[in-house]
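Chemist: Starting from these lines, generate the structure:
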Amino acid sequence: MGVWGSGAFDNDTAYNWSSDLTEAGDLSLVENTLSSVEEAEEDELDLDLACEAIAACEVVARLQGRGRTCSSSADLDRWIRAHAFKSTPSLIRSATTVLDRVVTASELVTLRDSAQDLRKRIAG
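Modeler: Residues are numbered from 1 along each chain as shown. So this is what the prediction gives:
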């Protein structure tokens, strides 16, 4: 996995995931990614799934107007604005649960501080 920054989409896995999302036309990839983390056994929460989960959580924050813009997410931001998707209470709950799990049970535990900021943006 290539990493070029500290943002949610600043690695190859999350960037590719966001490209798949913009091609999907709906939020099913966000929902499926969050569900995959919720259903995964602790040893199944690998780095790629964790990166995709962080990206999905960032999308939930952006749906509420609380995203962190960066150059690697410009296409995603345009896609979100064009579709006017809204977060639901269950999507917000799922994202906060997944984010907590990712920072405690995955290889991304070193991102705990960044994840806390993202969690605050998701929860409001």
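
Chemist: What mean pLDDT does whichever strand or helix holds residue 75 get?
Modeler: Under the criterion of DSSP states H and E, residue 75 resides in helix 74-83. Mean pLDDT, helix 74-83: 89.

Chemist: Flag every buried residue along stretch 46-54.
Modeler: Of the residues in stretch 46-54, 48, 49, 50, 51, 52, 53, 54 count as buried by neighbour count, 16 or more other Cβ atoms under 10 Å. C-beta here means a position set from N, CA and C on the backbone, and glycine is covered the same way.

Chemist: would you turn those into CSV with secondary structure and pLDDT?
Modeler: Formatted as CSV, these follow (DSSP: H, G, I helix; E, B strand; the rest coil; pLDDT from 0 to 100):
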residue, secondary structure, pLDDT
48, helix, 91
49, helix, 93
50, helix, 90
51, helix, 90
52, helix, 95
53, helix, 95
54, helix, 92
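
Chemist: Make TSV from those and add distance to residue 8 to it.
Modeler: Below are the buried residues of stretch 46-54 laid out as TSV (distance: Cβ to Cβ, whole Å):
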residue	distance to residue 8
48	14
49	14
50	11
51	8
52	10
53	10
54	5
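
Chemist: quick one: low-confidence ranges for this protein?
Modeler: Where the chain drops to pLDDT under 70, the residues are 1-6, 106-113.

Chemist: dump the residue contacts of the spatially closest residue to residue 123 that is not a sequence neighbour.
Modeler: Using Cβ to Cβ, 6 or more residues apart in numbering and skipping the chain neighbours, the partner closest in space to residue 123 is residue 96 (5.6 Å). By Cβ atoms under 8 Å, 6 or more residues apart in numbering, the residues touching residue 96 are 57, 119, 122, 123.

Chemist: for the residue sitting furthest away from the middle of the chain, helix, strand, or coil?
Modeler: The C-alpha centroid of the chain is most remote from residue 43, which lies 19.8 Å away (Cα atoms, centre = their mean). Secondary structure, DSSP: H, G, I helix; E, B strand; the rest coil: residue 43 is helix.
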